[in-house]
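Q: model this:
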Amino acid sequence: MRINPSSALGRLLAAWCALAAASSSGFGAIITVPTDLNSGDQYRLVFVTSATRDAASTDISEYNQFVETIADATPDLQALGTDWYAIGATDTVDARDNTATNPTIEVGVPIYSVNGVRLADDYADLWDGFLAAAYTTDENGNEVSGLAWTGMHSNGVARTGGALGEAVGRIHVGELGNEAQSGGWSGDGASRPDNTEQNHLYGMSALLTVAPEPSGALLSLVAIAAIGLRRRRS
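A: Residues are numbered from 1 along each chain as shown. Below is the predicted model:
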């Protein structure tokens with residue numbers, strides 16, 4: 001069967017091929033549970049896709065699927081059992097609504113890169129135009145550079161005339177690692193490449209919760225059971 005490389009299936013297959021190529025060069029380390037949180041705390045993770053794609057589609061679900069496919073191909077991220085969304089906007093869907101991070105609806109939770117660095121304290125902090133640290137880590141823990149499709153303003157609202165799926169030469173992109181310039185990471189003030197070019201995407205998890213640590217009593221019971229099992233076997 002001949003696959004059209006410009007189709008949604010073709011782009012997903014291309015993403016899988018890029019991931020396979022990346023695996024041959026070795027992975028960095030990723031952190032899926034931030035070390036400054038406690039049991040029961042909620043948070044969200046973000047990463048930059050190692051694979052790239054165009055921005056010709058006006059369907060936000062296609063970008064979500066691209067991000068989801070890449071996350072699910074990474075064992076540590078797949079093990080979280082969560083959904084993943086593109087941090088991007090089309091004419092009909094704002095990025096902050098696509099990712100359920102609209103600060104006018106809820107305060108939100110801290111947001112971390114998969115290298116363990118906190119990028120924002122809550123949703124308002126995420127969309128204030130500045131991040132607390134550079135945001136350049138892909139799903140494997142490797143640092144990447146270049147541009148990421150966003151189609152949005154720094155407040156997470158779709159960019160009129162510059163959203164994902166817009167005409168050639170009008171779509172806004174974020175500059176990877178540019179947390180200092182207002183809106184630099186999200187697309188304000190950045191270049192506007194043709195929608196046929198290949199760029200990264202930002203991915204964000206759904207809500208995650210730090211699992212409670214086993215209590216001392218439970219650990220004692222497990223130890224006693226293990227001793228009893230060894231005695232029966234002897």
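Q: use CA for all of it now, contacts and neighbours both
A: Fine.
Q: counting neighbours, what do you get for the closest residue in space to residue 150 that isn't next to it in sequence?
A: Of all residues beyond its chain neighbours, the one nearest residue 150 is residue 88 (4.2 Å), with distances taken as C-alpha to C-alpha, 6 or more residues apart in numbering. Counted with other C-alpha atoms under 10 Å, residues neighbouring residue 88 total 34.
Q: tell me the secondary structure at residue 88.
A: With DSSP: H, G, I helix; E, B strand; the rest coil as the basis, residue 88 sits in coil.
Q: quick check: it touching residue 155?
A: No. Taking C-alpha atoms under 8 Å as the definition, residue 88 is not a contact partner of residue 155, at 11.4 Å.
Q: how are the helices of the chain distributed by residue range?
A: For the chain, helices defined by DSSP state H occupy the ranges 8-23, 60-72, 75-78, 95-98, 123-126, 216-233.
Q: partners of residue 148 in the sheet?
A: Beta-bridge pairing for residue 148 (DSSP bridges): residue 174, residue 200.
Q: residues contacting it?
A: Residues in contact with residue 148 (C-alpha atoms under 8 Å, 6 or more residues apart in numbering) are 48, 173-176, 199-202.
Q: in CSV: those, plus pLDDT, distance to residue 81 and neighbour count.
A: Shown next, in CSV, are the contacts of residue 148 (pLDDT from 0 to 100; distance: C-alpha to C-alpha, whole Å; neighbours: other C-alpha atoms under 10 Å):
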residue, pLDDT, distance to residue 81, neighbour count
48, 98, 19, 31
173, 90, 29, 31
174, 90, 28, 31
175, 88, 29, 25
176, 89, 27, 23
199, 96, 26, 20
200, 97, 23, 25
201, 98, 21, 29
202, 97, 19, 27
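Q: ok, which pair from the residues you listed is furthest apart?
A: Within the contacts of residue 148, 48 and 173 form the most distant pair, 12.9 Å apart (C-alpha to C-alpha).
Q: and residue 213, how many neighbours?
A: Close neighbours of residue 213, defined as other C-alpha under 10 Å, add up to 9.
Q: I'd say it and residue 39 touch.
A: Yes. With contact defined as C-alpha under 8 Å, residue 213 counts as touching residue 39 (6.8 Å).
Q: just want the most central residue of the protein.
A: In the chain, the residue lying closest to the centroid (C-alpha atoms, centre = their mean) is residue 203, at 2.2 Å.
Q: who's in contact with it?
A: Applying C-alpha under 8 Å, 6+ apart to residue 203 gives the contacts 46-49, 67, 84-87.
Q: please repeat the previous calculation with a cut-off of 6 Å.
A: Counting by C-alpha atoms under 6 Å, 6 or more residues apart in numbering, residue 203 touches 46-47, 67, 85-87.
Q: could you list the low-pLDDT ranges of the chain?
A: Within the chain, the stretches with pLDDT under 70 are 1-28, 169, 179-183, 189-191, 215-234.
Q: switch to 50 and redo it
A: Within the chain, the segments meeting pLDDT under 50 span 1-2, 16-26, 222.
Q: tell me what residue 86 is bridged to.
A: Going by DSSP bridges, residue 86 is paired in beta bridges with residue 203.
Q: count of neighbours near it?
A: Neighbours of residue 86 (other C-alpha under 10 Å): 28.
Q: what of the one 5 residues further on?
A: In terms of burial, residue 91 registers 20 neighbours under the definition other C-alpha under 10 Å.
Q: residue 117 now?
A: Look at residue 117: counted by other C-alpha under 10 Å, it has 18 neighbours.
Q: grab the nearest non-local neighbour of it.
A: Residue 117 sits nearest to residue 133 (C-alpha to C-alpha, 6+ apart), 7.3 Å away.
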